[in-house]
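Asks: how does the following fold in three dimensions:
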Amino acid sequence: MNFESTGIHLQPDPRRVLIRPFVPIKPGQISSIINRVLGLSEEETSRELARVRTEFSDKHPDSEELWFRQFERVQVHVEPKQAVSEIRRLLIGATFTGEYAFEAVALFNPSIVPHPDQSGVSKDELRFVLSLRGVGEGHISSLGFRTGVIRSDHSIQLEKISLLARVPEVESNPTFPKRLFLEKLNGLGMGDGWSGSMMKRLDDPFTLAELNEALPQVIPIQERVPEAFQRTMACVHWLAESNYEVRFHSSVPMSERVLFPLSANERNGLEDARFVRFIKPDKRATYYATYTAYDGRAILPQLLETDDFCSFRIRTLNGPAAQNKGMALFPRRIGGRYAMLSRQDDENILLMFSDDRHFWSDPKILLRPEQPWELVKLGNCGSPIETDAGWLVLTHGVGPLRKYCIGAALLDLEDPFRILGRLTEPLLQPDEENWQGYVPNVVYSCGALTHNGRLVLPYANNDTSSKIVTIRLKDLIDKLLHR
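Replies: Next up, the predicted model:
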């Protein structure tokens, strides 16, 4: 296939940093650090704070707010009668803060969708949002964004990338749909007993504050609280933490917005977000992204929801089929039901339908590895793309020497189990100039789009950087249908 390069090559940039908590594990060490700061004179404290402000405030416009927040987290270790001035609070907060270069190692696994705001572009142009997985120290993954415009001549202009980076504000009292909470507890085998009694006391929906008020009401009246109860309540807390809401102010440029791990189940990363612009039955659009939460040992499929890329709702995916990586939602309902691609068996691409986007079961195999370049396993490269000829599914195949190639298949629009065509050769594969990187021999995408008769395909290059190419859609469809 004849690709056209856009000339875009996004490289990891270690200059882009976030402020993150930096708190020792040992409580005694926290107290020692605080006492050393309190041991400084007011003049020494003021001088040191001025130095810190000079060095870091330009990179973090809201740094002092974050330092105050960090002080509040460690304030319990301050002697109750100890008076702490404002400048000492700020310096203590800064002492328990560190910078994290969230994309110092890699910037990869891109996904592209139309931007919710198309004002100011012509009818032949398209503004887009490009999501990217950044990796920094300790292989912790976060999610960042870029915006740009696809011009009428198919060239792509990226908007200026800011060196600043910010994390969102966390909703302190999020709302939980009771049904989703119960489904996940039932799936974990903890829907009855103490948790069931607690859930009966809650309205639908309920808030985090209401959940915390209900917890003490179900504590067993015993001298020693049973371990089973402690495990159940720990699971309830874990589930509440896994379903959260965050918000960026609309004035924050898109390239400065970074979703960094917040909950325990994703402390090692938000991986491989597959964004899709979803059209509801009433023709309104919203955005979903399936991603993998990773805690360093286990993975948990999650669903991110947003209307504007400012406010984000994170929800756990439920049901026996909500497992493994590579879940990708279709961009509209089919036959009145949601449809999802997945890879529960870590080998084949499966397809499933559901009346509820948060609950998935009964997957059936859609595509199996067939070609030499996909001998090991097969997966999707993002959500299916609707075309006049059918659902275009970009795939990734893993072959000998763990080489990743991108392929494609075409599915019937009304019955996606009906396969209309499939490439027998890779659509895109690592070439001699691009074999090496953080993870060698890999090309990979988490989502493409079509515009003005072309497929716009962003892809990761050896899990290190990201590029964008385009291809004539008709040429690809003809190849799939052997025309």
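
Asks: what sits against Met190?
Replies: Contact partners of Met190, counting by Cβ atoms under 8 Å, 6 or more residues apart in numbering, are 232, 235-236. The C-beta positions use only the backbone N, C-alpha and C, and glycine is treated the same way.

Asks: from these, which is closest to Lys325?
Replies: Here the nearest of those to Lys325, counting by Cβ to Cβ, is Cys235; it sits at 22.9 Å.

Asks: per-residue pLDDT, that closest one?
Replies: At Cys235, the pLDDT value in this model is 82.

Asks: in this structure it contacts Gly187, no?
Replies: No: the pair Cys235 / Gly187 is not scored as a contact, 11.0 Å apart, by Cβ atoms under 8 Å.

Asks: quick one on the thing from earlier: in helices only, show me the contacts of Met190.
Replies: Counting by DSSP state H, the part of those found in helices is 232, 235-236.

Asks: could I get those residues as a markdown table with neighbour count?
Replies: Converted to a markdown table, those look like this (neighbours: other Cβ atoms under 10 Å):
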| residue | neighbour count |
| --- | --- |
| Thr232 | 22 |
| Cys235 | 16 |
| Val236 | 22 |
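
Asks: return the member of these nearest to Leu413.
Replies: Using Cβ to Cβ, Cys235 comes nearest to Leu413 of these, at 41.3 Å.

Asks: ignoring the adjacent residues along the chain, who's closest to that closest one?
Replies: Leaving aside its sequence neighbours, Cys235 sits nearest to Met190 (Cβ to Cβ, 6 or more residues apart in numbering; 5.4 Å).

Asks: helices along the stretch 51-200 of the chain, start to end?
Replies: Assigned by DSSP state H, counting those that start in this stretch, the helices in the stretch 51-200 of the chain fall at 63-74, 86-95, 178-187, 193-200.

Asks: helices and strands around the helix or strand where Val393 lies, which ones?
Replies: Secondary structure from DSSP states H and E places Val393 in strand 390-399. Contact here means 3 or more Cβ pairs under 8 Å, 6 or more residues apart in numbering; DSSP states H and E; on that basis strand 390-399 packs against strand 377-380, strand 385-387, strand 403-411, helix 473-480.

Asks: mean neighbour count and distance to Leu367 added to the ones you listed, as TSV?
Replies: Converted to TSV, those look like this (neighbours: other Cβ atoms under 10 Å; distance: least, Cβ to Cβ, whole Å):
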stretch	mean neighbour count	distance to Leu367
strand 377-380	23	6
strand 385-387	17	16
strand 403-411	23	6
helix 473-480	18	13
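
Asks: low-confidence bits of the stretch 51-200 of the chain, can you list those?
Replies: In the predicted model of the stretch 51-200 of the chain, residues 191-192 satisfy pLDDT under 70.

Asks: again, but for the stretch 251-400 of the chain
Replies: In the stretch 251-400 of the chain (pLDDT under 70), no residue qualifies.

Asks: what about the helices in it?
Replies: Counting by DSSP H, counting those that start in this stretch, the stretch 251-400 of the chain contains no helices.

Asks: so where do the strands sit in it?
Replies: 258-259, 269-279, 285-294, 299-306, 311-316, 328-329, 338-342, 349-354, 364-367, 377-380, 385-387, 390-399 (DSSP state E, counting those that start in this stretch).

Asks: just so I know, which of the ones you listed lies nearest Thr207?
Replies: Of the strands of the stretch 251-400 of the chain, nearest to Thr207 by Cβ to Cβ is strand 311-316, at 14.0 Å.

Asks: who are the packing partners of that closest one?
Replies: Strand 311-316 sits against helix 178-187, helix 227-242, strand 245-247, strand 299-306, with contacts defined as 3+ Cβ pairs under 8 Å, 6+ apart.

Asks: and the ones you listed as JSON lines, adding distance to Arg51?
Replies: Shown next, in JSON lines, are the helices and strands packed on strand 311-316 (distance: least, Cβ to Cβ, whole Å):
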{"stretch": "helix 178-187", "distance to Arg51": "48"}
{"stretch": "helix 227-242", "distance to Arg51": "37"}
{"stretch": "strand 245-247", "distance to Arg51": "32"}
{"stretch": "strand 299-306", "distance to Arg51": "39"}
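
Asks: looking at these, which is buried most?
Replies: strand 299-306 (a mean of 20; mean count of other Cβ atoms under 10 Å).

Asks: name every strand pairing with it and say which way it goes.
Replies: Applying DSSP bridges, strand 299-306 is found paired with strand 285-294 (antiparallel), strand 311-316 (antiparallel).

Asks: what angle separates the shortest one from strand 269-279?
Replies: To tie it back to what came earlier, the one meant is strand 311-316. Calculated by axes from the mean of the first three to the mean of the last three Cα atoms, to 10 degrees, strand 311-316 forms an angle of 110 degrees with strand 269-279.

Asks: so strand 311-316 versus helix 178-187, what angle?
Replies: Using the same axes, to 10 degrees: strand 311-316 against helix 178-187 is 30 degrees.

Asks: quick check: angle from strand 311-316 to helix 227-242?
Replies: With the same axes, to 10 degrees applied, the angle from strand 311-316 to helix 227-242 works out at 150 degrees.
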